[in-house]
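Participant: Quick one: sequence plus predicted model below, questions after.
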Amino acid sequence: MTDLSRSLPTGNDLLAEIDRLRKERNAVILAHYYQKPAIQDIADFVGDSLELSRKAAETDADVIAFCGVKFMADTAKILSPEKIVVLPDMDAGCSLEDSCPPEKFKAFREAHPDHIALTYINCSTEVKALSDVIVTSSSAETIISQIPPEQKIIFGPDRHLGGYLSRKFGREMLLWPGVCIVHEAFSETELLKLKAQYPGAPVAAHPECPPTIVDHADYVGSTSGILQFAKTFPGDTLIVATEPHIMHQMELAIPEKTFIGAPGADGNCNCNICPYMALNTLEKLYAALRDLEPRIEIEEGLRIRAKRSLDRMLEMASGTIGMGDLGNRA
Ligand code: 13P
Ligand code: SF4
C-alpha cells in the first residue's frame, strides 16, 4: 500500500523529488493521454495503449511507474516481468475490465468453440490468458484484416468498439456486452447542438463511443489517432469525443487551434472524465517511486498464458506474422 500519511513535498519540491527518485530508482514514468496534465508533463513518455505496451516491453529501466489504469500496468508487468511495475493507485480500474469476469468469459468461449477470441486490451490478465489475440483501438483494424473472412470471431469486452469494427469490416462478430462508462456518457442531442454552434468544426471520436456519437464523427480512432487528426485537419476548431485530458497534448502541440470537448447528458458535466484514471495524482506517483508500492504481481503461469495473446498483438500490429500462425494457436 502507498503510505500517504508520511510527509509529502509540495509544489516544485514535489516535482523535483519525483525527478530525483526517478533517477535514483532508474525508473521510467509512462502515462496515458487520459492522465491529468501535471502527470503527462512529468512523464518520460505519454501514449495510447499500444504505444505504452511497446514502451513497457522495450524499456531498459529497472522500474516502470505506470500512470494509467490497472490493466495497463498489468500489461507492462506481463511484458516485462523482471521489472518492478508500480501503479500510483491500485484502485484505478476500468468499467470494461469489470464487465468481463474471467469465469463467465471462459464459459462464453466454451459455448462457441469454433470462434477465436479477439479481445480488447481493456480486460484482466485472466481474460487475456483466455484470449487468442489482444487488440487496442489503434491495432484492431490492422489485426482484423489479417484474419481470414471465414474465421468466426468473439469480440470482447467492448461492444461499441466491436460493433464499430463489425460494421466497418462487414463481418459478424459475437460481442461481449461491456461498455466504457466514460464514452457511454456522451449525449447525441448535446453533440448536435454543439455542431450547430460550430458549423464546419469536425468531430473526432474514440470507437468506445456508442454509434449515436460515432455516426456523427468525421474521424474515428484511438487516442493517438485522434491526436494525429487534431494536428493535421485543415480547420481551426475540433470537437473531441473522448476523455477530455487528451486535449492537453493537442493544446501543447497546436496552441493556435481550438479544441472543444463533446458534452455529456446535461451539456456541462464532468461525466466524461475517467474516474479511474483520475485516481492517480502526483503525490501518489511520488509515494509509489519512494516506496516501490503499490506493485503489480502476477503468478508466472498466468503471465505466460496472457503473454501469448499480447505477443500475438504486438507481432500482428507490426505485420510480422500472418494469419497462419493464428490458426496454430495452442
Ligand atoms: P487508446 O489510448 O488505446 O485509444 O485507449 C483508450 C482507452 O480507453 C484507455 O483506457
Ligand atoms: Fe476504462 Fe473507459 Fe476509463 Fe478507458 S476511459 S480506463 S475504457 S473506464
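Facilitator: On my side now, so go ahead. Ligands and ions are numbered 1, 2, ... in the order given.
Participant: For the rest of this, base every contact and every neighbour count on C-alpha atoms.
Facilitator: Will do.
Participant: Get me the contact residues on the protein for ligand 1.
Facilitator: Proximity of the chain to ligand 1, by Cα under 6 Å from any ligand atom, involves residues 48-50, 136-137, 222-223.
Participant: what would the residues you listed look like in JSON lines with secondary structure, pLDDT and distance to residue 128?
Facilitator: Formatted as JSON lines, these follow (DSSP: H, G, I helix; E, B strand; the rest coil; pLDDT from 0 to 100; distance: Cα to Cα, whole Å):
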{"residue": "48", "secondary structure": "coil", "pLDDT": "94", "distance to residue 128": "18"}
{"residue": "49", "secondary structure": "helix", "pLDDT": "91", "distance to residue 128": "15"}
{"residue": "50", "secondary structure": "helix", "pLDDT": "88", "distance to residue 128": "15"}
{"residue": "136", "secondary structure": "coil", "pLDDT": "96", "distance to residue 128": "12"}
{"residue": "137", "secondary structure": "coil", "pLDDT": "96", "distance to residue 128": "16"}
{"residue": "222", "secondary structure": "coil", "pLDDT": "96", "distance to residue 128": "20"}
{"residue": "223", "secondary structure": "helix", "pLDDT": "96", "distance to residue 128": "22"}
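Participant: among those, who's most crowded?
Facilitator: Among these, residue 49 has the most neighbours (other Cα atoms under 10 Å), with 26 neighbours.
Participant: show me what contacts the residue lying closest to that residue once chain neighbours are set aside?
Facilitator: Excluding its sequence neighbours, the residue lying closest to residue 49 (Cα to Cα, 6 or more residues apart in numbering) is residue 136, at 6.4 Å. If a contact means Cα atoms under 8 Å, 6 or more residues apart in numbering, then residue 136 has 49-50, 120-121 as its contacts.
Participant: Which strand or helix spans the nearest residue to residue 272 once chain neighbours are set aside?
Facilitator: Sequence neighbours aside, residue 182 is the residue nearest to residue 272 in space, at 4.9 Å (criterion: Cα to Cα, 6+ apart). Taking DSSP states H and E as the criterion, residue 182 maps to helix 181-184.
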